[in-house]
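Q: Show me the folded form of this:
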Amino acid sequence: MKHLPCIFFAFFSLLLQAQDTAARAPQRAILVKPHIIRAVPLLDPESVPLAKPLESDATTQGKPTGLDAVRLQIFLDQQNFGPGVIDGKPGLFTEHAVMSWNEVQGHAHQDWSAALTAAKQSILTPLISVTVPPLTEKWVNPKLSNDRIQQSKAKRLSYRSVGELMAERYHTDVEFLIEINSEKKIYGLAAGQEIMVPNVRPFEIEKVAGVQHKRDEAKAQRHVVVDTKRNQMRIFEATPVALIVSENDSQGATKPAANRSLIASFPITPGKPQFIHYGMWEVRTAVEFPAWRYDKSLLETGKRSKDPSKIYDLPSGPNSPVGVIWCGLNKSGIGLHGTADPETIGRAQSAGCIRLANWDAIRLPQIISAGSSVEIR
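A: I've put the predicted structure just below:
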């Protein structure tokens, strides 16, 4: 998917009107508890040839490789500690996810052993066989233009291929699907065919209802910390007194204390340094399938164009620059949102907002609400 930096968001009143009948379906419930999918593998997962990590990466740092790495990433993802793209190559985001999980459990932050053990007990089958669902007519458009002006004329900013749809559905990328299947199979995918995917709870684009989420008083008490240095969002039950605390074990040695107030963490891409709005803010709204206004002047200079003919309203969809959901803050035009490019999370920078992979962003209304505090630092 082609990435364009996030611009300031506007015109919420038009959002729900822009959706079709399906967009007005009842709000879905997104489970946040650990989940294991049971399925019969298409082939023996142990025989799937996974690319070996570079010597400078996992092999020299004691990190898991191969199926153990896939298993760990799935486990962390399902615990709401996002490892980034599930690809069997644990990088910085997987490391941060392990550290967050360790913090909650009271383990040493750099210790991978406890998370690996828990992953092996929870995720028995890291790769499974699934059938491509019959969604291609509505959700795949190989002819979708990369030009924003042409996109404004489209009905929906759909996926550009079935491979892209299936990659995002299972929290991975097309490259990894090719690695565990084949290039020929992934580039020739069609509804009804079977492929191997990570055994993760799927992000089902067809169940995103296009609703505006209501305020939830319990979730409104939660606190979001956006760490622009670590490219990580951390969500707490309430504003934390201390992010790292310690206690003495039975032998009197100091060890990390379990921080049960930390309930989730996800990789993010913050805005460009000149556009980041540091400080304390508050979530004001959460809208699925938002429309988006393309203003080249605003992107390049930070100032809105005075020429209406140079501003274009883009429809919603998974390839929208703001992804499938927008959680707007009380700072005008700034929000937490999805992306058209999950593989660029942590690398490409937006113009001022906080981007997450769509599969992570869609969970936000089940964890936070209008009223939740957001600290950008």
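Q: For the rest of this, base every contact and every neighbour count on C-alpha atoms.
A: OK.
Q: how far away is residue 169 from residue 256?
A: Per CA to CA, to the nearest Å, residue 169 is found 36 Å from residue 256.
Q: for residue 79, same thing?
A: 20 Å.
Q: How about residue 168?
A: Residue 168 sits 35 Å away from residue 256, going by CA to CA.
Q: For the closest residue to residue 327 other than its chain neighbours, grab phi and psi.
A: Spatially, and ignoring its direct neighbours in sequence, residue 327 is nearest to residue 286 (4.2 Å; CA to CA, 6 or more residues apart in numbering). Backbone torsions for residue 286, taken as degrees, to the nearest 10, come to phi -140, psi 110.
Q: Surely residue 286 touches residue 372?
A: No: assessed by CA atoms under 8 Å, residue 286 is found out of contact with residue 372, at 11.3 Å.
Q: Do a quick rundown of the helices in this protein.
A: Ranges of helices in the chain, per DSSP state H, are 58-61, 66-78, 92-105, 113-122, 136-139, 148-151, 162-169, 174-180, 183-187, 217-220, 296-301, 358-361, 364-367.
Q: Can you get me a residue count around residue 147?
A: Residue 147: 9 surrounding residues under other CA atoms under 10 Å.
Q: Next up, the contacts around residue 281.
A: Residue 281 is in contact with 329-331, 373-376, counting by CA atoms under 8 Å, 6 or more residues apart in numbering.
Q: Make CSV from those and add pLDDT to it.
A: Output for the contacts of residue 281, formatted as CSV (pLDDT from 0 to 100):
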residue, pLDDT
329, 96
330, 95
331, 90
373, 97
374, 97
375, 96
376, 95
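Q: List buried residues within these.
A: 329-330, 373-376 (16 or more other CA atoms under 10 Å).
Q: shaky segments in the stretch 251-377 of the chain?
A: Residues of the stretch 251-377 of the chain meeting the criterion pLDDT under 70: 251-255, 295-310, 348-352.
Q: before we move on, what about the stretch 101-250 of the chain?
A: Checking the stretch 101-250 of the chain against pLDDT under 70 turns up 239-250.
Q: one more time with 90, if that's ok
A: 109, 136-137, 146-149, 151-152, 238-250 (pLDDT under 90).
Q: so how far is stretch 177-197 off the chain centroid?
A: Distance of stretch 177-197 from the chain centroid (CA atoms, centre = their mean, to the nearest Å) equals 22 Å.
Q: Buried residues, that stretch. List them.
A: Buried residues in stretch 177-197, defined by neighbour count with 16+ other CA under 10 Å: 177-181, 186, 189-190, 194-197.
Q: same check, this time on stretch 193-213
A: 194-203, 205, 208-213.
Q: Okay, strands next: where are they in the chain?
A: Assigned by DSSP state E, the chain shows strands spanning 127-131, 194-198, 223-227, 232-236, 246-248, 254-256, 262-267, 279-288, 292-295, 311-314, 325-329, 335-337, 354-355, 373-376.
Q: and these, which is most packed in?
A: Of all the strands of the chain, strand 354-355 has the most neighbours on average by mean count of other CA atoms under 10 Å, namely a mean of 32.
Q: Domain ranges for this structure, per the record?
A: Under the assignment automatic domain parsing, the domains of the chain span 12-28+210-242+259-376, 45-122, 127-203.
Q: Output the strands of the chain as TSV; include the columns distance to residue 154.
A: Output for the strands of the chain, formatted as TSV (distance: least, CA to CA, whole Å):
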stretch	distance to residue 154
strand 127-131	28
strand 194-198	30
strand 223-227	34
strand 232-236	33
strand 246-248	55
strand 254-256	53
strand 262-267	30
strand 279-288	18
strand 292-295	13
strand 311-314	8
strand 325-329	19
strand 335-337	21
strand 354-355	23
strand 373-376	34
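Q: Which of those strands sits closest to residue 107?
A: Residue 107 sits nearest to strand 254-256 of all the strands of the chain, at 6.2 Å, using CA to CA.
Q: Fine, thanks again, bye for now.
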